[in-house]
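In: quick one: sequence and predicted model below, then my questions.
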Amino acid sequence: MNYEEISKDVVANLYKSYGHLKNSPLNQELRILVELLISQNNGCAYCCSLHSDEAKKLEISTKKIEEIRNWTISVCFSKAEKLAFSWTEAITSLDANHNSIKQELSSYFSDREIVDLALCIALMNALNRIAISLK
């Protein structure tokens, strides 16, 4: 189903919102790693490939790209990155623990970065779910 053509305006606005995150004060390396983590967790092969390619273009280390799946035990991520990944997974699964994680984020991220991180997580989950369910 060509959902991008069928509902052109709505899908275009979704992608436009997603595109604005590239201008966010949120660290772009972190944004891409979060998107890759979400896409891996949701099983969206297309998005995994897209984000891996984007990560390589930004010269994110191959080690980080490969280790994102095992971020909880990897030594190549900072405490801030691991906290962001933890919040990513909590929001993606609607874990009740997401509020306590959110409180910790303010030690590492500005309010704007926290909001943009939440938007990044929500938008990527939406895009994954649309692609998986309609392709």
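Out: Ah, there it is.
In: all helices of this structure, in order?
Out: 3-6, 8-20, 28-42, 45-57, 62-67, 79-92, 98-105, 111-134 (DSSP state H).
In: centroid residue for the protein?
Out: residue 35 (2.6 Å; CA atoms, centre = their mean).
In: which residues touch that one?
Out: Counting by CB atoms under 8 Å, 6 or more residues apart in numbering, residue 35 makes contact with 47, 51, 54, 120, 124. For glycine as for every other residue, the C-beta is placed from the backbone atoms N, C-alpha and C.
In: hmm, try it at 10 Å
Out: 18, 21, 47-48, 50-51, 54-55, 88, 120-121, 123-125, 127-128 (CB atoms under 10 Å, 6 or more residues apart in numbering).
In: of the helices of the chain, which approaches residue 73 most closely?
Out: Nearest to residue 73, of all the helices of the chain, is helix 62-67, at 8.8 Å by CB to CB.
In: what is the closest one packed up against?
Out: When contacts are defined as 3 or more CB pairs under 10 Å, 6 or more residues apart in numbering; DSSP states H and E, helix 62-67 packs onto helix 28-42, helix 45-57.
In: output it as PDB, restricted to C-alpha atoms.
Out: Extracted in PDB, the C-alpha atoms of helix 62-67 (Å, rounded to 0.1, in the frame of the first residue of the first chain):
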ATOM      1  CA  THR A  62      31.100   1.500  13.700                       C
ATOM      2  CA  LYS A  63      31.400   0.200  17.200                       C
ATOM      3  CA  LYS A  64      28.500   2.400  18.500                       C
ATOM      4  CA  ILE A  65      26.400   1.400  15.500                       C
ATOM      5  CA  GLU A  66      27.000  -2.300  16.200                       C
ATOM      6  CA  GLU A  67      26.700  -2.000  20.000                       C
END
